[in-house]
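J.: What follows is a predicted protein model with its sequence.
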Amino acid sequence: MEVKLHKLIILGLVVLIAACNNNNKTKEKNKETETKDAVLNTSKGEELAKAYCASCHKFVPPSALDKQTWQTGIFPAMGPRMGIYSHKGIEYESGKGAQNTDGIFPNERMLDEDQWQKIIEYYIGNAPVKTAPQQRSENYTLDLSLFSVMTIASNSVSPIISLVKVKESGGFFIYDANSKGLASMNGKGETEFFTNIPNPVSSIVPYKKGFLITNIGSLMPSDVWKGQINYATVNNGAVILNKQIRDKVERPVKIVLADLNGDKVDDIVVCGYGHNKGDFYWLDGVSYAKKSIKNIPGAISTQAVDYDKDGDMDLFTLFAQGTEQIVYFENDGKGKFKETTIKEFIPVQGSTSIQIVDLNKDGHLDILYTSGDNADHSVVFKNYHGVYIYLGNGTKQFEQSFFYPMNGAFKALTSDFDGDGDLDIAAISFFADYVKQPYEGFLYFEQTSDMKFKVSTNPETYKGRWLTMDVGDIDKDGDDDIVLGNFSVGPTIMPETIYKTWMEGPAAMILLNNRVQQ
């Protein structure tokens, strides 16, 4: 009996060992299969992302954002653009609302549930938990002795400055969307006149015997267009709107003047930024007839230059709002353009400004570019936000030669501020890291040698949130000054103490250049 029992136990152990071995082999096989499936899903997800997502904009690698931002910020915004309004019980934003009836979002799905899930898994599986921080070769200093500070008090609680513009005669214009007033200031910071204009002013350009005023219509994103372009003059200390050149403009953020068709009359180039829809075009200087150049939203900055040196004005234009790119429009002399994409960026790049200028004094135009818009669906600090320089060689080729990380960089302008013969740079941020880097809102780049910069700021600049900036000789003493406009409210969550500082801060801050006095 004992022998039989012993044999049974041995037999049971043999069976158990065999079963364990089989289970281990099965688990290993299953794990191998799962791994292969995961690789296949990742590969398929990448393939789908490149086929569908990158059909509208430059392909975005998973590393551009963290996992959480992809999950809660990007996919709910991207889905409706592919006709996907919910996924696994989660309702996506926009839905099939009024905007969709205008053809902004498709009615039918572009991908099925499985395909969309594979794209999600590809990004979530490959994105970092946290993106890498900014890497600076050297930090900025708080020593900016070249400029002294003059502040302009606000006419309202919490200034919302949408425009500052230096006048050729000295002083500057300033518009506060809170008090709904356009003020003309002299070089001493005193108000010359104040005019009530309800529609927020985004641009002022000298024109004929007066100037053109551009009204944006809505400071917030909107496809309801209430923008205007008006011809105005100053009479008895007030702005008089003499003629409305165009209404229902697509949230215009900037206009420039240039003779595009060779009739010796300035035409009006319009950046109709819009929101989901928009247009970049010009208005004939005689008839004001509209001539579309590129019918997409996001035109945020443009500059007219004779780049090909054939005697007519060409255009360099920066587009944001998804299809982010710098485009060169070569003029045929009659106002028709050949388009060349100079630089293309990912849609979360947050492009904000360009200036076309010969930065290294080699006879070829270069591009000064900023990126830092951080108010949409990925409100996290990005290590690729900052100030860039692309050097040109005169053949539509531009190579990056400089980058300085600056959270939320919004605008950069050049001038020989210190009078040493080369160009320096002034830059502002609207989405700075105000908690950890409270002085990042304004930075001054002094060019110390060929394309080498010493970066500094004045600690006083933390008192405002700078959305607008202009450069010019405000006090008419022979050197260029800087004026900053405080847009004290806006997106992103900040500690109450920081908001209070901005809301109680100046409407504008003038950095008066001391070079001539030194």
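T.: Everything's here; your move.
J.: Quick check: what element follows the helix or strand of the chain with the lowest mean pLDDT along the chain?
T.: Taking mean pLDDT, DSSP states H and E as the measure, the helix or strand of the chain with the lowest value is helix 98-101, at a mean of 48. Secondary structure here is assigned by DSSP states H and E; on that basis, the next helix or strand after helix 98-101 toward the C-terminus is helix 113-126.
J.: helices or strands next to that following helix in the packing?
T.: With contacts taken as 3 or more C-beta pairs under 8 Å, 6 or more residues apart in numbering; DSSP states H and E, helix 113-126 sits against helix 2-52, strand 86-87. C-beta here means a position set from N, CA and C on the backbone, and glycine is covered the same way.
J.: rerun that using 10 Å as the cut-off
T.: Judged by 3 or more C-beta pairs under 10 Å, 6 or more residues apart in numbering; DSSP states H and E, helix 113-126 is in contact with helix 2-52, helix 67-69, helix 75-78, strand 86-87.
J.: which stretches of the stretch 401-518 of the chain have low pLDDT?
T.: Scanning the stretch 401-518 of the chain for pLDDT under 70 picks out 517-518.
J.: give me that answer again for 90
T.: Regions of the stretch 401-518 of the chain meeting the criterion pLDDT under 90 cover residues 450, 489-495, 515-518.
J.: now the strands for it?
T.: With DSSP state E, counting those that start in this stretch, the ranges of strands along the stretch 401-518 of the chain come out as 409-415, 424-429, 442-449, 452-456, 466-472, 481-486, 508-513.
J.: Out of those strands, the one nearest residue 320 is which?
T.: Taking C-beta to C-beta as the criterion, residue 320 comes closest to strand 409-415 out of those, the separation being 11.2 Å.
J.: Send me stretch 224-234 as PDB with only the CA atoms.
T.: What follows is the C-alpha trace of stretch 224-234 in PDB, where atoms were taken according to Å, rounded to 0.1, in the frame of the first residue of the first chain:
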ATOM      1  CA  VAL A 224     -17.400  85.300 -35.300                       C
ATOM      2  CA  TRP A 225     -15.500  88.000 -37.100                       C
ATOM      3  CA  LYS A 226     -16.000  91.600 -35.900                       C
ATOM      4  CA  GLY A 227     -12.700  93.000 -36.900                       C
ATOM      5  CA  GLN A 228     -12.300  96.300 -38.700                       C
ATOM      6  CA  ILE A 229      -9.800  98.400 -40.600                       C
ATOM      7  CA  ASN A 230     -10.400 102.100 -40.400                       C
ATOM      8  CA  TYR A 231      -8.600 105.200 -41.700                       C
ATOM      9  CA  ALA A 232      -8.300 107.800 -38.900                       C
ATOM     10  CA  THR A 233      -6.800 111.300 -38.300                       C
ATOM     11  CA  VAL A 234      -6.200 113.300 -35.200                       C
END
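J.: now, of the strands of the stretch 401-518 of the chain, which is deepest in the fold?
T.: strand 481-486 (a mean of 28; mean count of other C-beta atoms under 10 Å).
J.: between that strand and strand 508-513, how many degrees?
T.: Here strand 481-486 points in a direction 160 degrees away from that of strand 508-513 (axes from the mean of the first three to the mean of the last three C-alpha atoms, to 10 degrees).
J.: Neighbouring strands of strand 481-486 in the sheet, and parallel or not?
T.: Under the criterion DSSP bridges, strand 481-486 sits next to strand 466-472 (antiparallel), strand 508-513 (antiparallel) in its sheet.
J.: Export these as TSV, with columns for distance to residue 58.
T.: Conversion of the strands paired with strand 481-486 to TSV gives the following (distance: least, C-beta to C-beta, whole Å):
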stretch	distance to residue 58
strand 466-472	26
strand 508-513	36
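J.: low pLDDT regions in the stretch 251-400 of the chain?
T.: Low-confidence segments of the stretch 251-400 of the chain, defined by pLDDT under 90, span residues 276, 321-323, 375-380.
J.: What segments of it are strands?
T.: 252-258, 267-272, 279-283, 290-294, 299-305, 314-319, 325-331, 337-344, 351-357, 366-371, 386-392, 398-405.
J.: The ones you listed: which one's closest to residue 482?
T.: strand 351-357 (14.2 Å).
J.: for this protein, which strand is longest?
T.: Taking DSSP state E as the assignment, the strand of the chain that covers the most residues is strand 238-249.
J.: in that one, what's buried?
T.: If you call a residue buried by 16 or more other C-beta atoms under 10 Å, then strand 238-249 has these buried ones: 239, 245, 246, 249.
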